[in-house]
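[1] Got a predicted structure plus its sequence, pasted below:
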Amino acid sequence: MPRAWHLKSRPETMAAHENFELKEFTQAPMGDGTIRVANKWLSVDPYMRGRMRDVKSYVPPFAIGEPMQGGAIGEVVESNADGFDVGDMVQHMAGWRDEAVVPAAEAQKLPDLGIPIQSFLGFLGMPGMTAYFGLLDVAAAKEGDIVFVSGAAGAVGSTVIQIAKAKGMTAIGSAGGQEKCDWVKSLGADAVIDYKADGELMPKLMEAAPNGIDVYFDNVGGEHLDAAFAVANPGARFAECGMISGYNSTDPMCFRYIMNIIGKGLRIRGFIVTEFMDRMGEFHADMGGMLQAGKLTGQETVHEGLNSQVDAFIGLFTGGNTGKMLVSL
């Protein structure tokens, strides 16, 4: 019998092991147009924390007692769908489990780019698309811009740093701890702020960006967002991708410099990567070119086995990952 992680209860603050249960489940029957996939790689992502709340959002919440979902890559082991053969490697959203029966229309065959397949859950997958379209479309970043990226050692943030440098921008990142800061610097960042070091963040950002910032790519919210309000140049563009600092908190966010939105004419836009799915070909073409030119690299933090899925997820909120957090089956 296949096994899947189920949401047992809704966490109020930081998710814990008691909120989840790993158990066998009844797989959907194979119908016309479906494929059976043996999952090889599973993704955990910060947005999943929002789905654990019973609130209306852009995607339905996880149901108590039901198998959870998330990005996954696996091998087709049975097919009732034209265009999908046994042995094909596919990406789909029936993760948090070792096997899935999914409609073929909801799976994507992976292009052969000569890279490890798990990269399609990282810088060539949803995190990469989030970085690419968030920076270049939502924030309209262009050559010569000064870009500040919070969460720069994460899957999205590290990709933003590399795209910004590949497109001729100045890239300033924020990460927690010297080891992560050194890695972000190795990606080409012009400056990296250790937000865990002593001192307030805003003066550190002013020192790293003496000429201000033109773009802020937000993965963190909270103090990082407030510092960006303070240091932003007139007309700066903010791409609001995530606010992980508040995902496990019930305290309100307070901003000292928020009135700069008015005085500096800041443009702030939240976005969800799904609005760009019809442009995946454009993304793969441009990112593939950067990859072949040696301008992109990825790093992964890998947990082994389905049993480790919850540990991997919790690690997203405790600084446990550098680059993309993955589970290998």
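    Ah, there it is. Computed from a prediction, not measured in an experiment: that's the story for all the values here. Numbering: from 1, shown residues only.
[2] Going by C-alpha atoms from here, please, whenever you check contacts or count neighbours.
    Fine.
[3] Could you check how far Tyr247 is from Glu12?
    Remark: distance between Tyr247 and Glu12 (CA to CA, to the nearest Å) = 10 Å.
[4] Helices of the stretch 201-329 of the chain, start to end?
    With DSSP state H, counting those that start in this stretch as the criterion, the stretch 201-329 of the chain has helices at 201-208, 222-231, 260-263, 280-292, 309-315.
[5] Mind giving me the packing neighbours of the last one?
    The one in question is helix 309-315. If you count contacts as 3 or more CA pairs under 8 Å, 6 or more residues apart in numbering; DSSP states H and E, helix 309-315 packs onto strand 324-328.
[6] Would you double-check that Gln118 falls in a helix?
    Yes. The assignment for Gln118 is a helix, going by DSSP: H, G, I helix; E, B strand; the rest coil.
[7] nearest residue to it other than its sequence neighbours?
    Trp41 (6.5 Å; CA to CA, 6 or more residues apart in numbering).
[8] mind checking which helix or strand the residue sitting nearest the centre point of the chain is in?
    The centroid of the chain falls nearest to Pro127 when counting by CA atoms, centre = their mean (4.1 Å). Pro127 is part of helix 126-133 when elements are defined by DSSP states H and E.
[9] Just name whatever secondary elements that helix is in contact with.
    Using 3+ CA pairs under 8 Å, 6+ apart: helix 126-133 touches helix 155-166, helix 280-292.
[10] For it, output the C-alpha coordinates as CSV.
    The C-alpha trace of helix 126-133 is given here as CSV (Å, rounded to 0.1, in the frame of the first residue of the first chain):
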residue,chain,number,x,y,z
MET,A,126,8.6,26.6,-9.3
PRO,A,127,11.2,28.4,-7.2
GLY,A,128,13.2,29.4,-10.3
MET,A,129,10.0,30.6,-12.0
THR,A,130,9.1,32.6,-9.0
ALA,A,131,12.5,34.2,-8.9
TYR,A,132,12.6,34.9,-12.7
PHE,A,133,9.1,36.4,-13.2
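[11] what does it contact?
    Contact with helix 126-133 is made by 120-123, 155-157, 159-160, 163, 241, 272-273, 276, 280, 283, as judged by CA atoms under 8 Å, 6 or more residues apart in numbering.
[12] If you count neighbours, what's buried in the lowest-mean-pLDDT helix or strand in the chain?
    The weakest-scoring helix or strand in the chain, judged by mean pLDDT, DSSP states H and E, is helix 280-292 (a mean of 88). Of the residues in helix 280-292, Phe283, His284, Met287, Gly288, Met290, Leu291 count as buried by neighbour count, 16 or more other CA atoms under 10 Å.
[13] How about stretch 129-144?
    Buried residues in stretch 129-144 (16+ other CA under 10 Å): Met129, Thr130, Ala131, Tyr132, Phe133, Gly134, Leu135, Leu136, Val138, Ala139, Ala141, Lys142.
[14] what about that stretch, distance to the chain center?
    Mean-position distance between stretch 129-144 and its chain equals 15 Å (CA atoms, centre = their mean, to the nearest Å).
[15] From one end of it to the other, what's the distance?
    Stretch 129-144 has its terminal residues 22 Å apart, counting by CA to CA.
[16] can you put the buried residues of stretch 129-144 in CSV and add pLDDT and distance to Pro29?
    Formatted as CSV, those follow (pLDDT from 0 to 100; distance: CA to CA, whole Å):
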residue, pLDDT, distance to Pro29
Met129, 95, 32
Thr130, 96, 33
Ala131, 97, 37
Tyr132, 98, 37
Phe133, 98, 37
Gly134, 98, 38
Leu135, 98, 41
Leu136, 98, 42
Val138, 98, 41
Ala139, 98, 44
Ala141, 98, 47
Lys142, 98, 49
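[17] right, and out of those residues, which lies closest to Val86?
    Closest approach between the buried residues of stretch 129-144 and Val86, by CA to CA: Met129, at 27.8 Å.
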